[in-house]
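S.K.: Output the structure for:
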Amino acid sequence: MRIRLVIAAPLCLALLGSAACKGPGRDRSSRFSAKGIQRVVLRCARADKARVRYVEGAAEITVQARAVSDTREGKKPGRARFVLKAYAANECSKCAGTLLIATADEFAYMDIAQTLEHVELTLPKGVVLSREPQINDRYEPDLRPPGAKALPSRH
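M.R.: Coordinates of the predicted model:
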């Protein structure tokens, strides 16, 4: 438990000026080694609104957000989370060196939604970011190769 607090405190401090540490929701974050990564694809509902910070010589790629469930009663903590997948040349030759950051448990249906808000990325300088804004209303992440058409909605 003590380790979890040590990790969570700096993340919240890094976000102190943003709305990500305020209000209801659950903080979500993931880290990945930047070694060999030339491109990051962000596939989530708010990909087009994500903030990006480039750091010279960064050894890690980080993504953080606030999971929020928006219901008739107001905003509450949500279950949405990040899933990261690095593509190797044997899986997808045109995707080698690509890190896909997708979400799971994000959805929007009528007057309820569950999304990751206030998405922030930290990338090493020189890494290219591609944004694929989409809602995946399935409970599993969309880990198809980057550039694939959005999955049709189940609703």
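
S.K.: pLDDT weak spots in the chain?
M.R.: 1-23, 136-139, 148-155 (pLDDT under 70).

S.K.: For the residue of it most remote from its centre, give me phi and psi.
M.R.: What lies farthest from the middle of the chain is residue 73; by CA atoms, centre = their mean that is 25.6 Å. With angles defined as degrees, to the nearest 10, residue 73 sits at phi -80, psi -10.

S.K.: Same check on residue 88?
M.R.: As for residue 88, its main-chain torsions (degrees, to the nearest 10) stand at phi -100, psi 160.

S.K.: who touches it in this structure?
M.R.: residue 96 (CB atoms under 8 Å, 6 or more residues apart in numbering). Using the backbone N, CA and C atoms, a C-beta is placed for each residue, glycine as well.

S.K.: Can you give me the distance of it to residue 67?
M.R.: 29 Å (CB to CB, to the nearest Å).

S.K.: Please apply the same query to residue 36.
M.R.: 29 Å.

S.K.: same deal with residue 77?
M.R.: From residue 77 across to residue 67, the span is 7 Å (CB to CB).

S.K.: One more: residue 104?
M.R.: Remark: distance between residue 104 and residue 67 (CB to CB) = 11 Å.

S.K.: and for those two, which residues touch both?
M.R.: With CB under 8 Å, 6+ apart, residue 104 and residue 67 have common neighbours 80, 81.

S.K.: Neighbour count: these two, which is higher?
M.R.: More crowded of residue 104 and residue 67, by other CB atoms under 10 Å: residue 67, with 23 against 17.

S.K.: That one bridge partners, please.
M.R.: Following DSSP bridges, residue 67 is listed with bridge partners residue 26, residue 116.

S.K.: what's near enough to touch the residue most central in space within the chain?
M.R.: With distances taken as CA atoms, centre = their mean, the residue of the chain nearest its centroid is residue 82 (5.0 Å). The contact partners of residue 82, by CB under 8 Å, 6+ apart, come to 28, 29, 30, 44, 63, 65, 101, 102, 103, 104, 116.

S.K.: Would you mind giving these as a markdown table with secondary structure added?
M.R.: Shown next, in a markdown table, are these (DSSP: H, G, I helix; E, B strand; the rest coil):
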| residue | secondary structure |
| --- | --- |
| 28 | strand |
| 29 | strand |
| 30 | strand |
| 44 | coil |
| 63 | strand |
| 65 | strand |
| 101 | strand |
| 102 | strand |
| 103 | strand |
| 104 | strand |
| 116 | strand |
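
S.K.: Fine by me, we can end here.
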